[in-house]
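Q: below are the sequence and a predicted model; questions follow.
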Amino acid sequence: MDRLSSEPHTPVLYQQVLSALDPQPGCRIIDGTVGAGGHAEGILERSAPSGELLGLDRDPVALPLALQRLERFGPRLHLRQGSFRELSAHAAAVGWQAVDGVLLDLGLSSMQLADPARGFSFQSEGRLDMRFDPGQELDAAELVNRLPEPELASLIARYGEDREARRIARAIVAARPLQTTIHLAQVVARAVRSRGGRIHPATRTFQALRIEVNEELTALDEALPQAVELLRPGGRLVVIAFHSLEDRLVKRFCREASRSSEERPARLRLIQRKPVRPEPEELNRNPRARSARLRAAEKIAPA
């Protein structure tokens, strides 16, 4: 959230991230969602004069912004376009076999949301795209117009957690072809017209499509074990989630990794039992941070 703003900004849970990662001189930290470099800047400043950071992002638009913000750190900075689902490969590409911290700031950025051409928002007219990486083939229009109705309903129910998924899918199929964000939002709103609440009726459908297009939960599920493998003993894993599906996945992974059994010793120590949430002051500055939840864990040395 707020990762790719072109204006100077303080990213979500900034101080809490730095406290959890605790960057020190000489450390090596991976920011798997570097965006415009807000968290990365703080990490590099805190780890001066010798700490290094590897910044990854699937969105090619992000990397020039990150470089502009972070180029003053010179050879201490490494930037690569790519997904954190290939965390180990990206680390190996810069010669890193172990790291002291991994940060994953999940979800959608403000810049992606604000650009109508990216198709993430139903607040403005745009093509149904929703790709983090514009180079990939699958986009939201393909899902909306090609998926059979039962599969579309299952997708909206699973990733949107919407109880009206069947009704929404039926309405979408009846309205095909749909090519724009506004058209889709109108179709969904008409299908669930009687539903009250603060959020737009299409919010969950858009979330579900975005998660599927970008394989967000699959990527996270693949990245977490790699992060633990890469961490040195005492290294920190820090994840910011913005919806319950992400947060449950992170919570379950960290709890399982923190428990020992006869077959496998514990690999992580939970830094806190409950997620860290934004303070009221941050919410006043940035209402979009309201759903942010930070979880952190530390790698345990082998017994």
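A: All right, it came through fine. Nothing here was measured: the structure is a model prediction, and the numbers come from that model. Numbers count the residues shown, from 1 in each chain.

Q: phi and psi next, for the residue lying closest to residue 139 once chain neighbours are set aside.
A: Leaving aside its chain neighbours, residue 139 sits nearest to residue 129 (5.0 Å; criterion: C-beta to C-beta, 6 or more residues apart in numbering). (Glycine included, C-beta is placed from N, CA and C.) The phi and psi values for residue 129, taken as degrees, to the nearest 10, are phi -110, psi -80.

Q: distance of residue 129 from residue 186?
A: According to C-beta to C-beta, to the nearest Å, residue 129 and residue 186 sit 18 Å apart.

Q: where does this structure dip in pLDDT?
A: Per-residue confidence of the chain (counting by pLDDT under 70) places the weak regions at 1-10, 194-197, 303.

Q: let's see 50
A: Within the chain, the stretches with pLDDT under 50 are 1-8.

Q: quick one on the thing from earlier: compute the number of surrounding residues for the residue nearest to residue 139.
A: Neighbours of residue 129 under the rule other C-beta atoms under 10 Å: 18.

Q: repeat that for the one 5 residues further on.
A: By the other C-beta under 10 Å criterion, the neighbourhood of residue 134 contains 13 residues.

Q: tell me which helix or strand the most far-flung residue of the chain relative to its centre sits in.
A: Centroid-distance maximum for the chain: residue 262 at 33.9 Å, with C-alpha atoms, centre = their mean. Assessed by DSSP states H and E, residue 262 sits outside every helix and strand.

Q: now the strands for the stretch 101-250 of the chain?
A: Assigned by DSSP state E, counting those that start in this stretch, the strands in the stretch 101-250 of the chain fall at 231-241.

Q: now the helices for it?
A: Taking DSSP state H, counting those that start in this stretch, the helices of the stretch 101-250 of the chain run over residues 110-114, 140-146, 149-160, 165-175, 181-191, 203-214, 216-230, 244-257.

Q: ranking those helices by burial, who's on top?
A: Of all the helices of the stretch 101-250 of the chain, helix 203-214 has the most neighbours on average by mean count of other C-beta atoms under 10 Å, namely a mean of 23.

Q: and the nearest residue to residue 225 once chain neighbours are set aside, how far is that from residue 169?
A: Closest residue to residue 225 apart from its sequence neighbours, by C-beta to C-beta, 6+ apart: residue 253 at 7.9 Å. Here residue 253 is placed at a distance of 30 Å from residue 169 (C-beta to C-beta).

Q: residue 120 too?
A: In terms of C-beta to C-beta, residue 120 sits 20 Å off from residue 169.

Q: residue 277 too?
A: Distance, residue 277 to residue 169, by C-beta to C-beta: 33 Å.

Q: one more: residue 106?
A: Distance, residue 106 to residue 169, by C-beta to C-beta: 26 Å.

Q: now do residue 298
A: Computed with C-beta to C-beta, the distance linking residue 298 and residue 169 is 43 Å.

Q: residue 94: how many residues sit nearby?
A: Neighbourhood size, residue 94 [other C-beta under 10 Å]: 13.

Q: where's it relative to residue 51, distance?
A: Applying C-beta to C-beta to residue 94 and residue 51 gives a distance of 14 Å.

Q: how's the chain carved up into domains?
A: Domains of the chain are assigned by automatic domain parsing as 14-111+217-299, 112-214.

Q: what residue lies at the spatial centre of this structure?
A: Against the mean C-alpha coordinate of the chain, by C-alpha atoms, centre = their mean, the closest residue is residue 106 at 1.5 Å.

Q: touching, residue 60 and residue 136? I think so.
A: No - using C-beta atoms under 8 Å, residue 60 is not in contact with residue 136; the gap is 11.4 Å.

Q: count the neighbours of residue 15 for me.
A: When neighbours are counted by other C-beta under 10 Å, residue 15 registers 11.

Q: check which helix or strand it maps to.
A: Counting by DSSP H and E, residue 15 is found in helix 14-21.

Q: neighbours of the residue nearest to residue 298 when sequence neighbours are not counted, how many?
A: Once flanking residues are discounted, residue 298 sits nearest to residue 269: 4.7 Å by C-beta to C-beta, 6+ apart. Burial measure for residue 269: 15 neighbouring residues, criterion other C-beta under 10 Å.

Q: contacting residues for residue 269?
A: 258, 297, 298, 300 (C-beta atoms under 8 Å, 6 or more residues apart in numbering).

Q: which residues does the nearest residue to the second one once chain neighbours are set aside bridge with?
A: Which is residue 297. Excluding the flanking residues, the one nearest residue 297 by C-beta to C-beta, 6+ apart is residue 268, at 4.1 Å. Counting by DSSP bridges, residue 268 is bridged to residue 299.
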